[in-house]
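Q: I need the structure of the sequence given here:
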Amino acid sequence: MNIGILWDIENVIPPVGTNYIQSVIEAVCKDGRLSYAMAFGNWNNNSIKNIASDLASNNFELIHIPKSNIGKKNSSDMSLIAHGVELVFQYPHIERYILISGDGDFRPLLLSFKKHGKETWVICDVNNNASEELLKMADFFMDYRTIIKNMDDFTESNKDLIGIKDSELTKERAFELFKETVGILIQENKKTVSPAVKTRMQLLNNQFNENKLGYSTWREFVEDAKSHTNITFVGGLFVLNNSEDKTIPIIFEQLLNCLPENKEWVLFNQIGQKINYKGSGYIKFKELALDAEMRGYVEIKNVGLDWSMKRK
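A: Numbering: from 1, shown residues only. As a prediction, the model looks like this:
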């Protein structure tokens, strides 16, 4: 399979100090080869300008979107969409397109890809207002941290990268994930409609699949999940019966309790020894940290081989 990548760099910024760009290519090209790759952004922006050389060395064509006080976002979106549509005709052999962005304005681009029979993937940052409508249009979607979690496993050729998780998602953990997801959306002042809850659950844990848990439909899972949680469905929205009931899983509460209130950075190895993260299904502390960041509880960074985190 021939693959093309379109990366909205300022929407999903690669983590500094990792080989993330190369890891993305290896992940999405597991069953094919990269035919063309483009990255769009203002390369004068301090947050991304140091990434340009890494992208170029991985054969990305860099499209500069200069800073403008008027219509900057629209011009950036239009440039990516125009280049994407052009690629369909210029390289008809490309069968799968990877859009690295959660921007809902790219729905017309995905629609164009689909009209021409192309497979579409979306890699997003769930904390950067990833559009539910965009994700639902894609054949496959995930948060970018899923790749970071599995970066240590690239050398193990017997593993399929997409979908690697520490352990099987049980019904009990799925119910906890359902309750947590509803709580997160409520905290974000977003509507807890059924499609939004399911999409966010799949982003927070890409193993979630109601069929694999023994349910024939999403609705069947929801009915069972409601009977095991304090969640009800009222007026087309999921609601908490007790607004004071905690929706954050215990493992994340324990993690936050280990972090200073003043939001100082703390090394992973200083925190990991204080928490029984393996008892919650995590093989590595980094996986727990990335899941916590994905939920907006913490912020993480790495410098060389040192990873650290702080309260958000």
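
Q: neighbouring contacts of stretch 107-118?
A: With contact meaning CB atoms under 8 Å, 6 or more residues apart in numbering, stretch 107-118 is reached by 6, 80-81, 84-85, 88, 94-97, 99, 120, 122, 131, 133-134, 137-138. Any C-beta I mention is one placed from the backbone N, CA and C, and that applies to glycine too.

Q: let's see 10 Å
A: Contacts with stretch 107-118, where a contact means CB atoms under 10 Å, 6 or more residues apart in numbering, come from 4, 6, 77, 80-85, 87-89, 92, 94-97, 99, 101, 103, 119-122, 131, 133-139.

Q: in that stretch, what's buried?
A: Across stretch 107-118, burial judged by 16 or more other CB atoms under 10 Å covers Arg107, Leu109, Leu110, Ser112, Phe113, Lys118.

Q: Kindly provide the distance from Asn241 to Lys179.
A: 11 Å (CB to CB, to the nearest Å).

Q: in stretch 238-258, what counts as buried?
A: For stretch 238-258, the neighbour count (16+ other CB under 10 Å) marks Phe238, Leu240, Thr247, Ile248, Pro249, Ile251, Phe252, Gln254, Leu255 as buried.

Q: circling back: of the contacts of stretch 107-118, buried ones?
A: Buried members of these, counted by 16+ other CB under 10 Å: 4, 6, 77, 80-81, 83-84, 87-88, 94, 96-97, 99, 101, 103, 119-122, 131, 134-135, 137-138.

Q: among those, which are in strands?
A: Applying DSSP state E to the buried ones among the contacts of stretch 107-118, the entries found in strands are Gly4, Leu6, Arg96, Tyr97, Leu99, Glu119, Thr120, Trp121, Val122.

Q: beta partners for the fourth one?
A: Just to be clear, that refers to Tyr97. In this structure, Tyr97 bridges to Gly4, Thr120 when assessed by DSSP bridges.

Q: I'd like the numbering to begin with 234 instead of 1 from here.
A: From this message on, residue numbering opens at 234, which makes the last subject Tyr330.

Q: thinking it is in contact with Leu239, fair?
A: Yes - judged on CB atoms under 10 Å, Tyr330 makes contact with Leu239 at a distance of 6.7 Å.

Q: Name the residues contacting each of these two.
A: Contact criterion CB under 10 Å, 6+ apart; residues shared by Tyr330 and Leu239: Tyr269, Gly317, Leu320, Leu342, Phe346.

Q: From Val455, how far off is the first one?
A: I take that to be Tyr269. Following CB to CB, the distance that separates Tyr269 from Val455 is 41 Å.

Q: Kindly report the same for the fourth one.
A: Using CB to CB, one gets 32 Å for the distance from Leu342 to Val455.

Q: shared neighbours, Asn474 and Lys412?
A: Shared contacts of Asn474 and Lys412, defined by CB under 10 Å, 6+ apart, comprise Lys459, Thr462, Asn463, Ile464.

Q: any chance of the residues you listed in CSV, with distance to Asn535, pLDDT and neighbour count too?
A: Listed next are the shared contacts of Asn474 and Lys412 as CSV, based on distance: CB to CB, whole Å; pLDDT from 0 to 100; neighbours: other CB atoms under 10 Å:
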residue, distance to Asn535, pLDDT, neighbour count
Lys459, 40, 91, 17
Thr462, 35, 90, 19
Asn463, 38, 86, 14
Ile464, 36, 91, 23
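
Q: With respect to Pro299, which of those is nearest?
A: Ile464 (47.4 Å; CB to CB).

Q: does Leu488 really touch Ala525, like I thought?
A: Yes - using CB under 10 Å as the test, Leu488 is close enough to Ala525 to be in contact (5.7 Å).

Q: what residues are shared contacts of those two?
A: Ile481, Pro482, Val531, Met542.

Q: which parts of stretch 508-519 are buried?
A: By 16+ other CB under 10 Å, the buried positions in stretch 508-519 come out as Ile508, Tyr510, Ser513, Gly514, Tyr515, Phe518, Lys519.

Q: Let's verify the fifth one: helix, strand, or coil?
A: Meaning Tyr515. coil (DSSP: H, G, I helix; E, B strand; the rest coil).
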